[in-house]
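Visitor: pasting the sequence and the predicted model now:
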2 protein chains.
Amino acid sequence: MGRIKTESNASRKEVIIEKAAALFKEKGFKAASMRELADIVGVEAASLYNHIKSKNELLNIICFDVANRYMHKLDEIEAEKTTSIAKIEKLLRYHIEGMLNHFDEVYVSDREWKHLDNPYLSNLQTQRRAYRKRFAALIEEGIRRKEIKKIDAPTAVLIMLHAISGIESWHRSKQKISGKELEENMVTIMIDGLRK
Amino acid sequence: MGRIKTESNASRKEVIIEKAAALFKEKGFKAASMRELADIVGVEAASLYNHIKSKNELLNIICFDVANRYMHKLDEIEAEKTTSIAKIEKLLRYHIEGMLNHFDEVYVSDREWKHLDNPYLSNLQTQRRAYRKRFAALIEEGIRRKEIKKIDAPTAVLIMLHAISGIESWHRSKQKISGKELEENMVTIMIDGLRK
DNA sequence: AAAATACACTAACTAACGTTAGCATTTAAG
DNA sequence: CTTAAATGCTAACGTTAGTTAGTGTATTTT
């Protein structure tokens, strides 16, 4: 069928990963086949294995790329010297922008991690748990400082993370507002609530 | 292996559907196999087909059961004569309780509908779109009545529905607060926001 | 008790999947 | 220009999947 086309900077492996993320998002990891991915990449299925070890390796890479990116950002934000609300808002905005700019990867990482195999599965679960715990700690700090009302911090984290992952419906919707407007609306609603 | 055990009221088909929902939730629709489901039900795989037409029929039933339940509730709530905020809160609580009481079904309906085949796929998509539109209309009514701040209504719907579907993490977590507390916290955060 | 229905079993089919082996061809290095 | 490495292809493998056919047994109906 021909060679895999790369755009100057990207390796062939990176091209495959990118297309895989889009396919896994669309069909789900299990329902997506290597022959389909090969078609999209423009190559025969067997040729993919010159670049990758297995289908699962693709999922591993996608999931950990995303997880590591968010972990780094959290490190950065925790170190800042601002109010708790400001930190939370910053993290929230980072999540929203991540969802807007790296949609496929983030979506797959969020919804398909179940299909990782060990030890990657346990590793990612541990990492995600730790992330949520640190996020919750940020909220609890805000409660102690009386910036935030007394609510259950893990519940707040759960709401925010899942609300953001809902941007997929926004992606699919026809009459959509701009990314920036979406971000402002989400932050407003989550920080200040619906009630006027 | 033996007959399927039913509890007085439930037909054998209902038993299968119930177990299927739990299995599809745990593994995902595509990754769950009929042989596995048969094992759980306590029967050989082929025997399932005395009760159901296909694997996909199970998914159809699960998805439309859930969708119809929410549609009915929305009909009911729209007809009430209260404030918009009260209507939204009521719907929110219904969603939260649905997630707590029929977790497997709701979860599967939310995450696995992609694997429906036509015409069910289009039907459900249409129904869900209609639901979100009517939910958004409730919010817009609230904005007109000045009960709710000026935000993008579809975004608010997106946030609320996905926040609720996040209750899965709550289900998985060890140190969890009670269902009632969870409900109160979610409603508080979404109606009134984080900020004190 | 006999007849009809509901339900379960074994065995097997076809299709699709991820992946490997072995060989050909293109690209890059010496 | 020759050689080595990278990358592609065809063919095929072993598994697993959903499902059907055909047959026997339990349950319900008459």
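Guide: Received the coordinates, thanks.
Visitor: for the rest of this, base every contact and every neighbour count on C-alpha atoms.
Guide: Noted.
Visitor: next, A:Ile148: phi, psi?
Guide: phi -120, psi 140 (degrees, to the nearest 10).
Visitor: in the sheet, who's paired with it?
Guide: Note on A:Ile148: beta-bridge partners by DSSP bridges are B:Arg195.
Visitor: tell me how many other residues crowd it.
Guide: Other residues within reach of A:Ile148, judged by other Cα atoms under 10 Å in any protein chain shown, total 19.
Visitor: domain-wise, how is chain A divided?
Guide: If you go by automatic domain parsing, the domain ranges for chain A are A:12-50, A:55-192.
Visitor: per-residue confidence averaged over the last one?
Guide: By that I understand domain A:55-192. On average, the pLDDT along domain A:55-192 is 92.
Visitor: from one end of that domain to the other, what's the distance?
Guide: 43 Å (Cα to Cα, to the nearest Å).
Visitor: how about it against DNA strand C, any contact?
Guide: Yes - Domain A:55-192 lies within reach of DNA strand C by Cα under 7 Å from any atom of the strand, at A:Lys55, A:Asn56.
Visitor: mind checking how far that domain is from the chain centre?
Guide: Per Cα atoms, centre = their mean, to the nearest Å, the displacement of domain A:55-192 from the mean C-alpha position of its chain is 7 Å.
Visitor: close to DNA strand D, is it?
Guide: No - counting by Cα under 7 Å from any atom of the strand, DNA strand D is not contacted by domain A:55-192; separation bottoms out at 13.4 Å.
Visitor: on that earlier part again, turn the domains of chain A into a markdown table, columns for distance to B:Phe24.
Guide: Converted to a markdown table, the domains of chain A look like this (distance: least, Cα to Cα, whole Å):
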| stretch | distance to B:Phe24 |
| --- | --- |
| domain A:12-50 | 13 |
| domain A:55-192 | 12 |
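Visitor: who wins for proximity to B:Ser47 among those domains?
Guide: domain A:12-50 (25.4 Å; Cα to Cα).
Visitor: picking up where we left off before, of all the domains of chain A, which lies closest to B:Leu138?
Guide: Here domain A:55-192 is closest among the domains of chain A (Cα to Cα), at 15.9 Å.
Visitor: of the domains of chain A, which is nearest B:Arg12?
Guide: Using Cα to Cα, those put domain A:12-50 closest to B:Arg12, at 28.9 Å.
Visitor: measure that closest one end to end?
Guide: Termini of domain A:12-50 sit 10 Å apart (Cα to Cα).
Visitor: likewise stretch A:161-176?
Guide: End-to-end distance (Cα to Cα), stretch A:161-176: 21 Å.
Visitor: which residues are contacting that stretch?
Guide: A:95-96, A:99-100, A:103, A:107, A:110, B:155, B:158-166 (Cα atoms under 8 Å, 6 or more residues apart in numbering or on different chains).
Visitor: out of those residues, list just those in helices.
Guide: A:95-96, A:99-100, A:103, A:107, A:110, B:155, B:158-165 (DSSP state H).
Visitor: wait, which of those is closest to DNA strand D?
Guide: A:Asp110 (23.3 Å; Cα to the nearest atom of the strand).
Visitor: now do the same contact list for the closest one.
Guide: Here A:Asp110 is in contact with A:Cys63, A:Ser165 (criterion: Cα under 8 Å, 6+ apart).
Visitor: so how far is A:Ala67 from it?
Guide: A:Asp110 is 10 Å from A:Ala67, by Cα to Cα.
Visitor: same question for A:Lys146.
Guide: In terms of Cα to Cα, A:Lys146 sits 30 Å off from A:Ala67.
Visitor: of those two, give the one with the bigger neighbour count.
Guide: A:Ala67 (18 against 13).
Visitor: contacting residues around that one?
Guide: A:Ala67 touches A:Ser109, A:Leu124, A:Gln127, A:Arg128, counting by Cα under 8 Å, 6+ apart.
Visitor: do the same with A:Leu91
Guide: A:Lys73, A:Leu74, A:Ile77.
Visitor: just the buried ones among those residues, please.
Guide: Buried members of the contacts of A:Leu91, counted by 16 or more other Cα atoms under 10 Å in any protein chain shown: A:Leu74, A:Ile77.
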